[in-house]
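*Asks:* Sequence and predicted model, in that order:
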Amino acid sequence: MGRLSDRMQPFLRNRELSRLQGKILTAAQGRSVRSLFFTSPRSGDGKTTAAISTAYSLATEGQVKVLLVDGNHAAPCLHRLFELPVGPGLVQFLAGEASLEQVVHATGHENLRVMSHGAENGLGITNMGSEKLKEEVAALMASCDCVVLDGPGFFVSSDAALLAPWFDATLMVIQCERTKKAMIELLRENIHQVGGNLLGVVLNKRKYYIPRIFYG
């Protein structure tokens, strides 16, 4: 069984991150959203934290069965954060080398399960055909109510462009005062060009220069 490490626990109690679930449902405007793909322009913008917080919120407050998947071959880390072995995981499942039952781990929360990436050697899914990838993503979604995938940075790995079209919604995570507007626009255009559905933007590490109460 996986257990989220103590250093990540404070993020689960973060009020703004815990509101992501509600904001995602609002942005969806009644449309069914059963799979979420988190990406960012680069690494280190906070998408893993946003993905974990959203998965936790959906599982505990939304009471839906959530599968949190590590799809970031450039820097897989869910296995460390949940104190799990790195493999077998997503890579082995997509390659047909492991069953879903072998790669999905329970956590301390009834509705939240987690799948590690499966490799720490930068092994991606670039060589997988799009139809095969579509089938495997559909299999993941059939195993739960909602799949939350922590993907790679869009401009870090070609895997992001391959994965985005097969998810109901893509969330772009940017970092306050770090991510440039031009980068955001470029990523938005790229997600649209590959057929992804950009549902919204998550602003991470927001800074407050006046008391927080005055912000909307």
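*Replies:* Alright, I've got the coordinates. Numbers count the residues shown, from 1 in each chain.

*Asks:* Can you check what pLDDT the model gives Val156?
*Replies:* For Val156, the pLDDT comes out at 91.

*Asks:* how far away is the residue positioned nearest the centre of the chain from Ser32?
*Replies:* By Cα atoms, centre = their mean, the chain has its centre lying nearest to Asp150, at 2.7 Å. Counting by Cβ to Cβ, to the nearest Å, the gap from Asp150 to Ser32 is 21 Å. For the C-beta atoms, the positions are set from N, CA and C on the backbone; glycine is no exception.

*Asks:* before we move on, what about Gly200?
*Replies:* Gly200 is 16 Å from Ser32, by Cβ to Cβ.

*Asks:* higher neighbour count, those two?
*Replies:* Using other Cβ atoms under 10 Å, the more surrounded residue of Gly200 and Ser32 is Gly200, with 14 against 7.

*Asks:* Mind listing the strands whichever strand or helix holds that one pairs with, and their directions?
*Replies:* Gly200 belongs to strand 198-204 when assigned by DSSP states H and E. If you go by DSSP bridges, strand 198-204 pairs up with strand 169-175 (parallel).

*Asks:* how about the residue lying closest to Thr60 once chain neighbours are set aside, phi and psi?
*Replies:* Nearest residue to Thr60, sequence neighbours excluded (Cβ to Cβ, 6 or more residues apart in numbering): His109, at 6.1 Å. Dihedral pair for His109: phi -110, psi 130, per degrees, to the nearest 10.
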